[in-house]
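Visitor: What shape does this take:
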Amino acid sequence: MKEHMTEHENPVWSGEQQAARAAVADYEAALDDFLGHGAARTVDLLALQPGERVLDVACGTGAAALRAAAHVRPGGQVTGIDLSPLMIATAGEKARARGLENMSWRTGDMARLDFPDNSFDAVMCVLGLFFAQDMVAQAAELWRVVQPGGRLTVTTLGREWFAPLDSVFTAAVATIAPGTAQDYAPARTSDPAIVADILSAAGIPGVTISSETYNLPLRAPADWWRVVMGTGLRRTVLAMEAEAVARVRAHNEAWIVDNGVAAVELGFIYAVAVK
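Guide: Numbering: from 1, shown residues only. I've put the predicted structure just below:
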């Protein structure tokens, strides 16, 4: 029996990661605003200093890592790791475009980090924990590579997932293409108490948890569909026939216009611990 599954064998990872790989442009368009906000807050909570070594686990296209790299100059180094080679390649291109030379990127599995114990001054995992098959083991692995006196920050999504349009999308799918809705991985960690329990079970003491709700502006109704196609909601779209997709999208965009929706709510949960 295998002790570890690959990306395509892991039912939690595969849907989210394959969706992102299929359309990195959609991912970037949808996530730059809201993930940028969560990433910036995560970096702020780490209180990074020049010269520090930072690890960003499940770094995606670098939303948090790129910000961290600017904080630890001069002398500091940021390493980003992600399971998707395409995400890593995109992150590297963005770093080069910004002239950030204090960064390195690795394609790898966050469940088994290829670093010695106590390797980093700061470790962050932004919207990544809920992808882990075993979230307690994953949290322990993150904690393992934090050096004594170092910090860990884990950021997840809260109960507010693009409200009110999440429920509009779900209702439209249930009516137009019943049975096609797919599980949304962030639901696994959408409660601060759940996050606290996971980190406690991983042996991480003294965790401070805070929550916030962020309003994500919609410049036009089509922005909502970029969010759908650039997040795990895309999995539901891929499960539908093309005609059903067109009907759901038309319904959602008409609802936005009819109800004057100019923004959606997105909740974040931040967990911080000092080793």
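Visitor: When you work out contacts or count neighbours from here on, use the C-alpha atoms and nothing else.
Guide: Fine.
Visitor: any idea whether residue 183 is helix, strand or coil?
Guide: Following DSSP: H, G, I helix; E, B strand; the rest coil, residue 183 is assigned to coil.
Visitor: okay, now it: neighbour count?
Guide: Neighbourhood size, residue 183 [other C-alpha atoms under 10 Å]: 14.
Visitor: same thing with residue 219?
Guide: 11.
Visitor: Please settle this for me: is it part of a helix?
Guide: No. Residue 219: not assigned to a helix; according to three-state DSSP it is coil.
Visitor: For residue 252, see how far away it is.
Guide: According to C-alpha to C-alpha, to the nearest Å, residue 219 stands 15 Å off from residue 252.
Visitor: In contact with the residue lying closest to residue 147 once chain neighbours are set aside: list those residues for me.
Guide: Excluding its sequence neighbours, the residue lying closest to residue 147 (C-alpha to C-alpha, 6 or more residues apart in numbering) is residue 118, at 3.7 Å. When contacts are counted by C-alpha atoms under 8 Å, 6 or more residues apart in numbering, residue 118 touches 144-148.
Visitor: what about 10 Å?
Guide: 143-150, 275 (C-alpha atoms under 10 Å, 6 or more residues apart in numbering).
Visitor: Repeat that for residue 110.
Guide: Neighbouring residues of residue 110 by C-alpha under 10 Å, 6+ apart: 56-59, 81-83, 125, 128-129, 131-132, 138-139, 141-142.
Visitor: Just the element for it, please.
Guide: Remark: residue 110 resides in no helix or strand, with elements defined by DSSP states H and E.
Visitor: Likewise for the one 5 residues further on?
Guide: Using DSSP H and E, residue 115 is not contained in any helix or strand.
Visitor: What is the neighbour count of it?
Guide: Other residues near residue 115 come to 10 when the count uses other C-alpha under 10 Å.
Visitor: likewise residue 250?
Guide: With other C-alpha under 10 Å as criterion, residue 250 counts 16.
Visitor: need the next SSE after the helix or strand hosting it, C-terminal direction.
Guide: Residue 250 belongs to helix 242-258 when assigned by DSSP H and E. Downstream of helix 242-258, the first helix or strand assigned by DSSP H and E is strand 263-274.
Visitor: for that next one, which positions count as buried?
Guide: Residues 263-274 are the ones in strand 263-274 that count as buried (16 or more other C-alpha atoms under 10 Å).
Visitor: quick one: average pLDDT of stretch 88-97?
Guide: In this model, stretch 88-97 has a mean pLDDT of 94.
Visitor: Report the buried residues of that stretch.
Guide: Residues of stretch 88-97 classed as buried by neighbour count (16+ other C-alpha under 10 Å): 88-92, 94-95.
Visitor: Also stretch 164-172?
Guide: Within stretch 164-172, the residues that count as buried by 16+ other C-alpha under 10 Å are 165-166, 168-172.
Visitor: Kindly report the same for stretch 231-245.
Guide: The neighbour-count check on stretch 231-245 (16+ other C-alpha under 10 Å) flags 231-238, 240, 244-245 as buried.
Visitor: From those residues, pick the one nearest residue 46.
Guide: residue 231 (25.7 Å; C-alpha to C-alpha).
Visitor: Of the buried residues of strand 263-274, which one scores lowest on pLDDT?
Guide: residue 266 (89).
Visitor: contacting residues for that residue?
Guide: By C-alpha under 10 Å, 6+ apart, the contact list for residue 266 reads 34, 38, 157-164, 212-216.
Visitor: which among the residues you listed end up buried?
Guide: Buried members of the contacts of residue 266, counted by 16+ other C-alpha under 10 Å: 34, 38, 157-163, 213-214, 216.
Visitor: Return the closest of those with respect to residue 102.
Guide: Distances from residue 102 to those, taken by C-alpha to C-alpha, are shortest for residue 38, at 22.1 Å.
Visitor: any idea how far residue 228 is from residue 237?
Guide: For residue 228, the distance to residue 237 - C-alpha to C-alpha - is 8 Å.
Visitor: Next, show the common contact partners of these two.
Guide: Joint contacts of residue 228 and residue 237 (C-alpha under 10 Å, 6+ apart) are residue 249.
Visitor: ok so, going back, for the buried residues of stretch 88-97, which one is nearest residue 200?
Guide: For the buried residues of stretch 88-97, the nearest to residue 200 is residue 88 (30.6 Å; C-alpha to C-alpha).
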